[in-house]
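K.L.:
need a 3D model of the sequence below.
(chains A, B and C)
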Amino acid sequence: MTDPRQRRLSGPVAEAAALLRRGATRREAIAWFAGAGMAAATAGGILTRAGSALADTPKRGGHIRVAGFSSSTADTVDPAKQTLSTDYARCNMFYNGLTTLDGALNPQLALAESIDNDKATVWTIKLRQGVQFHDGKPLTSADVVYSLTRLKDPKVGSSARPLAAQMQDIKATGPNEVQITLGAPNADLPVVLGTFHFLIIKDGTTDFKTAVGTGAFKCKEFTPGVRSVAVRNENYWKPGQPYLDEIEFFGIPDDNARVNALLSGDIQLAGGIDPRSTRQVQAADGFAVFETKSGNYTDLVIRLDDAPTNNADFVMAMKYLQDREQMRTAIFRGYAVLGNDQPVDPTNRFYCADIPQRAFDLDKAKFHFQKSGIGSTAVPVYASSAASSSPDMAVLMQDAAQKIGLTLDIKRVPADGYWSNYWMKQPVGFGNINPRPSADILFSLFFKSDAPWNESGWKNEKFDQLLLAARAETDVAKRKQMYCDMQGLVRDQSGIGIPLFISMLDAHATSLKGLRPIPLGGMMGYNFAENVWLES
Amino acid sequence: MNSLVLRLIATRVAVSLLTLLIVSAIVFGATELLPGDVAQAVLGQGATPDAVTALRQAMHLDQPAWLRYVSWLHGLLTGNPGLSLVNHLPVAGLIGGRLPNSLVLAAITTAFSVPLALAIGITTAVWRGSLYDRIASTLTVSAVSVPEFLVATLAVLIFAVNLHWLPALSSRSGVHGLFGLVRVYAMPVVTLSFVVIAQMARMTRAALVNTLGSSYVEMALLKGARPWRIVLRHALPNALGPIVNAVALSLSFLLGGVIIVETIFNYPGLAKLMVDAVATRDMPLVQSCAMLFCLAYLLLVMLADLAAILSNPRLRYR
Amino acid sequence: MSVPLRATLPPRRFRISVTGAIGLALVVFWLAVTAVGPMLAPYPPGRIVGTDVLGPMTHAFPLGTDYLGRDMLSRILVGGRYTISIAFVATFLACFSACTLALAAAVKGGWVDAVLSRLLDALISIPSLLFGLVVVAALGSSIPILVLTAAVIYMPGAYRTARALAVNVNAMDFVRVAQARGEGAWYVMRAEIMPNMVLPVLTDFGLRFVFVVLLLSGLSFLGLGVQPPDADLGSLVRENLQGLVFGAPAVIMPAAAIASITIGVNLLIDNLPTRRVSRER
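P.N.:
Here you go, the predicted model:
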C-alpha cells in the first residue's frame, strides 16, 4: 500500500507539495492539508462502533453471506455493463482495475505499477508483474487494451462510454506497458481508471456466464437474479489478502426483509438499508450501522428548455421551497448533509464552502412565484421510487408550496421505465445521481451544455469554458477557484435543486470487521470483499 | 360418459392452444406497447440516445415487431424458446432452474391449505349460524384481509429475528431431511395459506349453504336422511362446480402470483423471474413465463370444469 | 333432530343475527367515514405535524404519527374514503358484469358459453403486472382508470365462479320447466337462476372486495393509484412497515381499518336475510 511510486499520482500530499513549490503562500498550503486532514477525520468519525476494529489484525478464514438491495436477471459480471450497486460489489470480487480509489477518493495503484503522463494528455501505464488471471494466464497489456477499448464500442452498451470516449487512442507499447492518448488534457485520468466500469478483463472475453479476472475471489457460481458464490483466489497478488474463504452474495429487494435477514443471522452484511431501519439495527445486540457520507443525491429537475418551466423565477421559487432541514430529519433520520443546489459534496476536495447556504425561505419563494406569473395553474411534479425518496421529497415540497399559493400536482409513476420515460422528459421531476469520484466527472456528465445527462437542459458558455480550463489546470489553487465559480453558477442558474447529500447506509454483524467508508458508495465503495474479515 | 369426457378434453385442448396463441400475441403487443425497450432497460439511467441506438442494433431490435414475434413463435414451436435478451442465457434454462422451486412451494401450500379450507367450508356450512361458524368465518376473513407483506414480515420478525426458530430466508440449497424442509417452508406456506384459504373455504360454505336450502335437500331431509349424509351425498356434488373453481383460481395464483412471498423470503421462483423479465422488457422470457402461467391456468380450469360436470349428474347426462 | 338441520332451514325474513348486526354496524360506520371522514381530519394529510416519526398514540395524535411525522388519524380518514369507494365501485362493476356474462353463458350455452369462457380465460392469463403497466403507460393514472383496472383484473375470476353456479342452477328442473314453458332467456336469467345463486355470488363479492382493497396498494406501487400526499389504506400499511418491529400504531391502525371494513362487509353478507325465489315458493 505504501508504494513510493504512488506519489506520481495527484494525491493531496503531492498537490500540496506542488503548491508550495509553485510559491503558494504557506497559509494556502496549510489550508489544503487541513482540508485533506478534515476529510480523513470525518471518515474516521463515521466509524462509530466499527472504528475500534481498525486496530485489530485481520483474521483469515470463514465465509459470509451478503445481501444487496437488488436482484434481477439483468445481474451481470461484465464490468462494462454494470448498472447497479449489486453488480459493482460482485465485479469487485472478481476483477481489479488499474487503479483503485481510497477513502478520500484519491487513486491508488492496483494493476498499474506506475502511471506517468505528459501534459495530462499522453499517459503511460506500466503493469504490475506476475499478476495472473484465475485461469492462470498472466496479465499483459493486451488485456488492458481490450478492456478499455471495449468500453468505447457502442455495441457493448456500456454506460461508461461517455467517460471512455476521451481515450482517443489506447495501444500496447510493450508486453507490460500501455499508452493512452486523450483527446484533451485531463489530470484526473487515474481517477477515471479507478471507477467501476474500468475493471480489467481477459483479452477477447465475450462470454460472461462466469467471471475470470485477477481479483481476490474466483467465481464458483453465478446465476443472474439468484446468487453468486465467490471463493478465495489463492494466487491473489496482494499478499495476505483476501481474508475470507467464501462470500455468498445475493439481492433481497425488500428493505425490511434485508434487515430482518441480518438480524436473524441469515446474512452478515446488508447493503443499502433504509434510514428508518437504523433504529431497529442499533437496538439489536451484535449489529451495527455503517454510514458512508457521500455525494449521492436525489435532485429536483426543472427543465429549462421548454415552457412553462423555462422561467428563472419559477425555478428560484422551487429552490427556496426545499425545506432541507425537514427533509433531513423526516425522510433521512439525520443521515444526510445539507446540499446547496450544486453537486459537489463536502467530502470532495473541490467543495466550495464559501458559497452561502440557500435556506428554506417561504417569503423569497413567494416573491419569485408571484413574479413568475404561474398563478393558480397546477404544476405536475413527477416522482418515482426509482429516484430514491423522491415521492417523499415531493410531498414536503407540495405542502410548502401550498402555503405560498402554488399548487404542485404530484404524479407518482412506476420505477419501471422511469429513467427512459420520465427522467429529464417532464418539465418538473426528480433524478438520482450516484457518487462520482471527481468534480470534473460530475460536471462533465451532468452539467456541461452538451453533457449526456444534462438533467435540466442548462446551457452556459462560461461554465463550459471553466470546466475545460479546470481539467487542464495543474495549479491546484487556481483549479479550486474555477470549481468554486462553477459551483456558484450551477447553484444560481441551473434548473437543478439538490436539497441534500444522502449518506449510504449498510448494516452488518459486529463480528464482520474491516469496513471503512469509501465515498464512492456503500459497502466500502462496493469493494468490501477483499478488505473484510470475520472475528471468530 | 367416457366419450363425453374425451370429446370435452379434445375440444378444450384444441381451444387451449388457440387461447395460448391469442395470449402470446396480446402479451407481445403489451410488451411492445410499454414505453421503453430492452436496450433502454439494460442501460437504465445511462440510456443516452446513441447508446440505445447502438445496443438496439446489436440486439437485432431494429427488426420489425411482427418479424420478432414470428421468429420467437417459430422457435417455440420447434422447442426452442430462445435466449434471454438481457443475459443471453437460454430461456429454457432460466425457467428450468426456477420451475421446480415454484412447483414445490405450490404443492406444499396446496397440500396444506386445500384440505384445511374444505374442512372449514364444509363444517361451517353444516353448523351454519353456530358460534363455531361465526368464529371460523370471521377468522378466515381476517386472515385474508391482512396484507400478505404484513403477515410475512411479522412472521419473520417473530420466528426468525426474535425466537430464532426459523431462517428468515427460504433457500432450498443445503436443506436436509423433513425437519429442514419444514423449517424452510413453514413461513412461506403459512403466509400463502392466509391468502388462499379464505377464498376456498368461503366459497365452499356459500355453495353448500345455497344447495342445502334447495328443494331436493329438503326432500331428503323430510325422508329422514342423516345430516352429514345429506351434506356429503346430496349437497356437495351439486355444489362442487363453484368450489373446484375457487380451488383452481387459488392454485393458479400459487404458481405464478406469489411475488411478495418470493421477494420477502428470497425464494427464487417463477413470479420474480416474470417481474424481472417485464422490468427489462426481455420479450422471450416474458413470453415464455406468460405461456407457462397461461398453460397452468388453462389446465387447472379444465380440470375444474371436468370435475364440475362429472360430479353433477344433471350436467353429466345433458 | 339436531342443530345443523334447523340451521339449514331458510332464516326468517328480515331478521338479522347478532353477528349480522355487528357487520352492519361496521359497514355503516365506514360508510359514514367515507361520507364525512376527510372533513373531520384534524390535520392536512400531507403535512408533517409531529416531530416524532412512527410515534405512539398521544392526545394530539390519537392514532400516532406516520413514517414522516404526519398525523395517522387524518391519513386514515382520507385513505378510508379512497379505499372504500374505489373498492366498492370496482368490485360492484366486476361482479355485476361477471354475473351478467355468466348467466348469458349458462342459459345460451353452446358457442356463446365457449367464446365468453375462453375469452375471459385469455384475459385472466395476462399477467396483472403487465396489464397494470400498460394501463399506466397508455391511459395515465386517474381514479376512474384505477377503478376500471381493478374491475377488469377481478372480473374473470368472478365470472368463473358465477358461471359454475349458474350452470348448476340452469340444470335444475324448475329452470328446465320454465324454459319448456317458453320463457325468454332474459326472464330465465333474472327470475329463475339469479335468485338461486345470490348467496354464493354475494360471498364472492365480499371476497373480491377484500382482494381489491389489497390490490390498491399493489397498483399504487405501479403508479396507478391514489396520488400523494393521499394514500389508500393498504399503502398506509406498506409505507409504515418499518414501524412493525416496535408495534407502531401507524402500521397497526390502517391494517386494523382494512380488517374491520372487510370483516364488516363479509359478516353482513353472511347474515343477510336471504329470500329464495323458486318454483317451490
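
K.L.:
burial count for residue A:72?
P.N.:
24 (other C-beta atoms under 10 Å in any protein chain shown). Where C-beta positions appear, they are placed from N, C-alpha and C, glycine not excepted.

K.L.:
not counting its neighbours along the chain, what's nearest it?
P.N.:
Spatial nearest neighbour of residue A:72, excluding adjacent residues (C-beta to C-beta, 6 or more residues apart in numbering or on different chains): residue B:276 at 4.2 Å.

K.L.:
so what's that neighbour up against?
P.N.:
A:72-74, A:225, B:282, B:285 (C-beta atoms under 8 Å, 6 or more residues apart in numbering or on different chains).

K.L.:
pLDDT and secondary structure for these - can I get that in CSV?
P.N.:
Converted to CSV, the contacts of residue B:276 look like this (pLDDT from 0 to 100; DSSP: H, G, I helix; E, B strand; the rest coil):
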residue, pLDDT, secondary structure
A:72, 88, coil
A:73, 90, coil
A:74, 89, coil
A:225, 90, coil
B:282, 89, coil
B:285, 92, helix
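
K.L.:
only whichever of the residues you listed are buried, select them in ChimeraX.
P.N.:
Restricted to buried positions by 16 or more other C-beta atoms under 10 Å in any protein chain shown, the ChimeraX selection for the contacts of residue B:276 reads:
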select /A:72,73,74,225 /B:282,285
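
K.L.:
longest helix anywhere in chain C?
P.N.:
For chain C, the longest helix by residue count, based on DSSP state H, is helix C:72-108.

K.L.:
off-centre distance for stretch A:246-253?
P.N.:
21 Å (C-alpha atoms, centre = their mean, to the nearest Å).

K.L.:
so does that stretch get close to chain C?
P.N.:
No - between stretch A:246-253 and chain C, judged by C-beta under 8 Å from any C-beta of the partner chain, nothing touches; the nearest distance is 12.0 Å.

K.L.:
which parts of that stretch are buried?
P.N.:
In stretch A:246-253, counting by 16+ other C-beta under 10 Å, buried: A:247-253.

K.L.:
buried residues in the longest helix of chain C, which are they?
P.N.:
C:72-84, C:86-91, C:93-95, C:97-99, C:101-107.

K.L.:
chain center to that helix, what's the gap?
P.N.:
Computed by C-alpha atoms, centre = their mean, the separation of helix C:72-108 from the middle of its chain amounts to 5 Å.

K.L.:
if you look at it, does any of it touch chain A?
P.N.:
No - using C-beta under 8 Å from any C-beta, helix C:72-108 stays clear of chain A, with a minimum separation of 11.4 Å.

K.L.:
list the buried residues in the following helix or strand past that helix.
P.N.:
Using DSSP states H and E, the helix or strand that directly follows helix C:72-108 along the chain is helix C:110-125. By neighbour count on 16+ other C-beta under 10 Å, the buried set for helix C:110-125 is C:113, C:116-118, C:120-125.

K.L.:
contact partners of the helix or strand following helix C:110-125?
P.N.:
Next helix or strand after helix C:110-125 toward the C-terminus (DSSP H and E): helix C:128-139. Applying C-beta under 8 Å, 6+ apart, the set of residues contacting helix C:128-139 from outside is A:413-414, A:416-417, A:421, B:27, B:30-31, B:33-35, B:257, B:259, B:274-275, B:278, B:286, B:290, C:145, C:149, C:152-153, C:219, C:222-224.

K.L.:
mind checking the pLDDT average for the helix or strand hosting residue C:250?
P.N.:
Taking DSSP H and E as the definition, residue C:250 sits inside helix C:249-270. Mean per-residue pLDDT for helix C:249-270: 93.

K.L.:
can it be found next to chain B?
P.N.:
Yes - contact between helix C:249-270 and chain B, assessed by C-beta under 8 Å from any C-beta, occurs at C:251, C:255, C:258-259, C:261-263, C:266-267, C:270.

K.L.:
which strands and helices sit next to that helix?
P.N.:
Counting contacts by 3 or more C-beta pairs under 8 Å, 6 or more residues apart in numbering or on different chains; DSSP states H and E, helix C:249-270 packs against helix B:131-145, helix C:18-40, helix C:72-108, helix C:198-221, helix C:233-239.

K.L.:
chain center to that helix, what's the gap?
P.N.:
12 Å.

K.L.:
could you give the angle of it to helix C:198-221?
P.N.:
Interaxial angle, helix C:249-270 versus helix C:198-221 (axes from the mean of the first three to the mean of the last three C-alpha atoms, to 10 degrees): 160 degrees.

K.L.:
now do stretch B:206-214, average pLDDT.
P.N.:
Per-residue scores along stretch B:206-214 average to 83.

K.L.:
hmm, back to that, now for the buried residues of stretch A:246-253: which two are most distant?
P.N.:
The span of the buried residues of stretch A:246-253, defined through C-beta to C-beta, is set by A:247 and A:253 at 19.5 Å.

K.L.:
ok, what's across the strand from residue A:232?
P.N.:
Beta-bridge partners recorded for residue A:232 (DSSP bridges): residue A:217.

K.L.:
how far away is it from residue A:527?
P.N.:
16 Å (C-beta to C-beta, to the nearest Å).

K.L.:
more crowded one of these two?
P.N.:
Remark: of residue A:232 and residue A:527, residue A:527 carries more neighbours, 24 against 20, as counted by other C-beta under 10 Å.

K.L.:
for the stretch 251-400 of chain A, which segments count as helices?
P.N.:
With DSSP state H, counting those that start in this stretch as the criterion, the stretch 251-400 of chain A has helices at A:255-263, A:278-283, A:312-320, A:324-326, A:362-372, A:390-403.

K.L.:
what does the stretch 201-318 of chain B give?
P.N.:
Assigned by DSSP H, counting those that start in this stretch, the stretch 201-318 of chain B shows helices spanning B:215-222, B:227-229, B:236-256, B:259-264, B:270-279, B:283-311, B:313-316.

K.L.:
quick one: closest of the ones you listed to residue B:129.
P.N.:
Among those, helix B:227-229 comes nearest to residue B:129, with 13.8 Å by C-beta to C-beta.

K.L.:
in that closest one, what's buried?
P.N.:
Neighbour-count burial for helix B:227-229, counted by 16+ other C-beta under 10 Å, picks out residue B:227.

K.L.:
same question, stretch C:256-275
P.N.:
C:256-272, C:274.

K.L.:
so where's the stretch 101-250 of chain C shaky on pLDDT?
P.N.:
Scanning the stretch 101-250 of chain C for pLDDT under 70 picks out nothing.

K.L.:
this completes my enquiry, with thanks.
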